[in-house]
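*Asks:* need the 3D shape of this:
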Amino acid sequence: MKVQVLQHVPFEDIGSMRPWLAARGATLGYTRFYADPDLPAPDGIDLVIAMGGPMSVNDEAELPWLRAEKAFLRELVARRVPMLGVCLGAQMIASALGARVYPNAEKEIGWFPVWSVPGGTGASADCFRFPCESRVFHWHGETFDLPPEAVRLASSAACANQAFQIGRHVIGLQFHLEATPESAAALIDHCRDELVAAPWIQTEAAIRAAGADVYTESNALMDGVLDYLTPPPGT
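*Replies:* Now for the predicted structure:
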């Protein structure tokens, strides 16, 4: 399996996805936009993982590589290459496909529940199914309209569009199922100025207090998303 990771900042990497990919013998390629924005040829890629970052998809004037990344994502969606977007990555997919990305009414930072949205418009029995409620790690201030043909998979009290699916091959997540104690700590270290008192922003202490069981459940759900996007041949 050839996997291309789109990484926007050095402190937001693939977290718990790494052992899942290693167990399947995946070959990882990286586009690290903060160091070298060159993108590979799309041929032969089996999975794209677009990770998070503190920038906005609308920052094209300051970060011109955003336009190239969106074009790359559009082409791979058209080719039906399996694709996962995490936080900024989900917003990039939405923007690449023509949806609006804009500030959410509330920033959402910390461990908060999301709820599955069964039977949404366009949903089918083949859609990925989240548990009725999952406690997951958030760090986002923007949201997006659903792109064309997308099915909403999950919502939260602070943000309606938490997860979406397009066809059988694209899933976008506003939240970080791949979070590990190390990756959460890295976000705190680099984005601590965002931890201000607000209804949907936890304190640093509360974020760090999350137990191993919370990470284990979240990471298992991440494994389920990856299993869904990359089923064995013939299934």
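
*Asks:* and the gap between the most centrally placed residue in the chain and Ile109?
*Replies:* Central residue of the chain (CA atoms, centre = their mean): Val86, 1.0 Å from the mean position. Applying CB to CB, to the nearest Å, the value for Val86 to Ile109 is 15 Å. All C-beta atoms are positioned from the backbone trio N, CA, C, and that covers glycine.

*Asks:* for the helix of greatest length in the chain, the averaged confidence score.
*Replies:* When the chain is parsed with DSSP state H, its longest helix is helix 212-229. The pLDDT scores in helix 212-229 average 98.

*Asks:* next, the distance between the ends of stretch 152-166.
*Replies:* Distance between the boundary residues of stretch 152-166 (CA to CA, to the nearest Å) amounts to 9 Å.

*Asks:* tell me the mean pLDDT over that stretch?
*Replies:* Mean per-residue pLDDT for stretch 152-166: 97.

*Asks:* what mean pLDDT does the longest strand anywhere in the chain have?
*Replies:* Taking DSSP state E as the criterion, the chain has its longest strand at strand 101-116. Across strand 101-116, pLDDT averages out at 98.

*Asks:* now stretch 63-73
*Replies:* So the average pLDDT for stretch 63-73 ends up being 98.

*Asks:* list the buried residues in that stretch.
*Replies:* Leu63, Trp65, Leu66, Glu69, Lys70, Phe72, Leu73 (16 or more other CB atoms under 10 Å).

*Asks:* could you do stretch 226-235 as well?
*Replies:* In stretch 226-235, counting by 16+ other CB under 10 Å, buried: Leu226, Tyr228, Leu229, Thr230.

*Asks:* how many other residues sit next to Gly118?
*Replies:* Not Gly; residue 118 is Pro. By the criterion of other CB atoms under 10 Å, Pro118 has 11 neighbours.

*Asks:* how close does the residue nearest to it when sequence neighbours are not counted get to Leu84?
*Replies:* Ranked by CB to CB, 6 or more residues apart in numbering and with sequence neighbours excluded, the top spatial neighbour of Pro118 is Arg129, at 7.2 Å. For Arg129, the distance to Leu84 equals 16 Å [CB to CB].

*Asks:* what sits against the residue nearest to the centre of the chain?
*Replies:* Going by CB atoms under 8 Å, 6 or more residues apart in numbering, Val86 touches Ile49, Ala50, Met51, Gly52, Leu173, His176, Leu177, Glu178.

*Asks:* circling back to that earlier point, which outside residues touch the longest helix of the chain?
*Replies:* By CB under 8 Å, 6+ apart, helix 212-229 touches 15-17, 20-21, 47, 82-84, 111, 128, 130-131, 134-137, 169, 171, 173, 176-181.

*Asks:* if we go to 6 Å?
*Replies:* Ser16, Trp20, Pro82, Phe128, Val136, Ile171, Leu177, Glu178 (CB atoms under 6 Å, 6 or more residues apart in numbering).

*Asks:* then stretch 52-59?
*Replies:* With CB under 6 Å, 6+ apart, stretch 52-59 has contacts from His8, Val9, Glu12, Val86, Cys87, Leu88, Gln91, Met92, Ser95, Val101.
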